[in-house]
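**Student:** next come a sequence and a model predicted from it.
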Amino acid sequence: MGLNIFVLGLDDLNHRALKKLPGAEDYTFHQLLSFDALQDGAFTVNDLLEKAEQQLDAFDGSIDAIVAYWDFPATAMAPILAERHSLPHANLRGIVTVEHKYWSRLEQQKVAGEEIPGFGLIDLNDPEVSLPGDMSFPAWIKPIKSTSSEGAYRITDSTALNEALEEERQVVDRMGGGFNEILERVDLPQEIAEIGGSAAMVEEEASGSMLTVEGYSYKSEVHVYGVIDSHLYEGTSSFLRYQYPSQLPADVQEHIGDVSRRVIEAVGLHHSTFNIEYFWDAERQKLRLLEINSRHSQSHAQLFYLVDGRPNHACMVDLALGNRPAMPAQNGEFKVAGTWFLRRFQDGWISRVPTPEEVRAVEEKHPGTAIQIEKKADRKLSGDVAEDAYSYTLAEIFTAGQTEEEMVETYNKVVDELNFEIEDL
């Protein structure tokens, strides 16, 4: 009869990737709530859990797995729903430890102190707010719970810190409420219980090139299966592309893998995929851990498929079915692949976006290419939640090649062929 796998926020691009999994002919993937529903601030997390349960109860068939590749609340909802249906799942306490940025930092510091930047809580209502302890500028202020860098602001002095507080309070209130609902389900240490989910922290700025580690925890074993380089738009903190495989030296990647295994064990994340973001300063030979995410990155799925022959969704599905993941396979068609973020750095009115037919034509013209248009016509670029604070994403574009040069050349051709019409505001 095949297996029914329910995916929180299943979208078209990732549905296409899931269908490329080994054995996918035996799986049927079902959308469990839409992505928009998961991000709708009008609903509490408990409301969303109830809506998801109603959908599952109405399903006339077996429920064989419940998975998620999006950020909170999906990461926390998947294990709660899976437990109700006696399905394999990640441990909620591990999820919460990872996603509470301050708690996560405390645990990371115990096993990887040299790789952790200075950090501390900050009082958003203090009229004379300052950096805690012996921290120094530049630094970043961020909510202890957020997604997609929402609410993260670079601060260079006390004036910038105070200017960021009002915006930070709004983000903390928006994200903290739902996170508090999840915190109530976990036996928390006293210090974390007192902080709750509606708080903010600051971290000293790290420097170097950005990279991401992808891995999973199966039973008591932590595995790292890929390192992805991140490239920024020049002069900004906004991502231009992710590139796989990493070009870092083998000994550096080995060190990064060792740190990754230690911190995942420290935060107690079990039976789950994860990704960890780092900065590597080659000149000083210094590693800095930026953030742990309690999920794999869906933005990397196509990269692993193009290079390794299977998307990293394979680990998510294997774990949800109670199986040991098998990554990487390293039998893909290309040697290098990239996830590109086509951005605009000024607000504007969108008059036209490429049609689905135009997108498919471009994809077919360039092997290894996949495109997800992120905006709709007849609206402003601004206004979306959970988006980079400094730019607006028009499209997510995947390209590949036998060399980096070939991959970059394909991307430039794709951008030229996508017809957006945007008027400055």
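**Tutor:** Looks like it arrived, so ask away.
**Student:** SS state for L211?
**Tutor:** Counting by DSSP: H, G, I helix; E, B strand; the rest coil, the backbone at L211 sits in strand.
**Student:** numbering from 609 from now on, please.
**Tutor:** Yep, numbering from 609; the last one is L819 now.
**Student:** how far away is it from Y710?
**Tutor:** Going from L819 to Y710 by C-beta to C-beta, to the nearest Å gives 23 Å. Just so you know, the C-beta spots here come from the backbone N, C-alpha and C atoms, and that holds for glycine as well.
**Student:** please say which of those two ends up with more neighbours.
**Tutor:** For L819 versus Y710, neighbours defined as other C-beta atoms under 10 Å are more numerous around L819 (24 against 18).
**Student:** residues contacting the more buried one?
**Tutor:** V835, I836, D837, S838, S854, L856, I864, E885, Y886, F887, W888 (C-beta atoms under 8 Å, 6 or more residues apart in numbering).
**Student:** show me the helices in the stretch 659-808 of the chain, by range?
**Tutor:** For the stretch 659-808 of the chain, the helices defined by DSSP state H, counting those that start in this stretch cover 682-692, 700-707, 709-720, 766-791, 798-803.
**Student:** who wins for proximity to E971 among the ones you listed?
**Tutor:** helix 682-692 (26.7 Å; C-beta to C-beta).
**Student:** quick check: buried residues in that closest one?
**Tutor:** Within helix 682-692, the residues scored as buried using 16 or more other C-beta atoms under 10 Å are A682, T683, A684, M685, A686, P687, I688, L689, A690.
**Student:** so which of those is the closest to M743?
**Tutor:** Of the buried residues of helix 682-692, the one sitting nearest to M743 (C-beta to C-beta) turns out to be T683, at 28.8 Å.
**Student:** can you tell me how far the closest one is from E965?
**Tutor:** 35 Å.
**Student:** same check, this time on Q662
**Tutor:** 36 Å.
**Student:** go on, L1002?
**Tutor:** 18 Å.
**Student:** so what's the closest residue to S854 other than its chain neighbours up against?
**Tutor:** With sequence-adjacent residues excluded and distances taken as C-beta to C-beta, 6 or more residues apart in numbering, S854 is closest to V835, at 3.9 Å. V835 makes contact with L819, T820, V821, E822, Y852, P853, S854, L856, Q861, I864, G865 under the criterion C-beta under 8 Å, 6+ apart.
**Student:** for the fourth one, which residues make a bridge with it?
**Tutor:** Spelled out, it's E822. Taking DSSP bridges as the rule, E822 bridges to G834, N883.
**Student:** pLDDT score assigned to it?
**Tutor:** At E822, the model reports a pLDDT of 98.
**Student:** residues near it, how many?
**Tutor:** 26.
**Student:** so what's the spatially most central residue of the chain up against?
**Tutor:** Centroid-nearest residue in the chain, with C-alpha atoms, centre = their mean: S905, separated by 5.1 Å. Counting by C-beta under 8 Å, 6+ apart, S905 touches Y677, T820, E822, I836, Y850, N883, N920.
**Student:** hmm, back to that, report the buried members of the contacts of V835.
**Tutor:** L819, T820, V821, E822, Y852, P853, S854, L856, Q861, I864, G865.
**Student:** ok, those vs T1018, which is closest?
**Tutor:** Y852 (15.1 Å).
**Student:** and the nearest residue to that closest one once chain neighbours are set aside, what element?
**Tutor:** Spatial nearest neighbour of Y852, chain neighbours left out: L911 (4.1 Å); criterion: C-beta to C-beta, 6+ apart. According to DSSP states H and E, L911 maps onto helix 909-916.
**Student:** can you list contacts of that helix?
**Tutor:** 622, 625, 628, 677, 822, 834, 836, 850-853, 918-921, 935-947, 976, 978, 1006, 1008.
**Student:** beyond it, next helix or strand please.
**Tutor:** From helix 909-916, the next helix or strand downstream (DSSP H and E) is helix 921-928.
**Student:** tell me what angle that following helix forms with helix 682-692.
**Tutor:** 30 degrees (axes from the mean of the first three to the mean of the last three C-alpha atoms, to 10 degrees).
**Student:** before we move on, back to that, dump the contacts of S905 into CSV; add distance to K983 as well.
**Tutor:** Shown next, in CSV, are the contacts of S905 (distance: C-beta to C-beta, whole Å):
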residue, distance to K983
Y677, 21
T820, 25
E822, 28
I836, 25
Y850, 20
N883, 25
N920, 26
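**Student:** between those, which has the most around it?
**Tutor:** Highest count within the contacts of S905 by other C-beta under 10 Å belongs to N920, 31 neighbours.
**Student:** for that residue, give me phi and psi.
**Tutor:** phi -70, psi -10 (degrees, to the nearest 10).
**Student:** dump the residue contacts of it.
**Tutor:** Listed by C-beta under 8 Å, 6+ apart, the contact set of N920 reads E822, Y833, G834, T881, H904, S905, H908, A909, F912, M935.
**Student:** ok, now H638?
**Tutor:** N612, I613, F614, V615, L618, F667.
**Student:** buried ones among the residues you listed?
**Tutor:** Applying 16+ other C-beta under 10 Å to the contacts of H638 flags N612, I613, F614, V615, L618 as buried.
**Student:** residues of the lowest-mean-pLDDT helix or strand in the chain that come out buried?
**Tutor:** When the helices and strands of the chain are scored by mean pLDDT, DSSP states H and E, helix 766-791 comes last with a mean of 87. For helix 766-791, a neighbour-count test (16+ other C-beta under 10 Å) marks 769, 772-773, 776-777, 779-780, 782-784, 786-787, 789-791 as buried.
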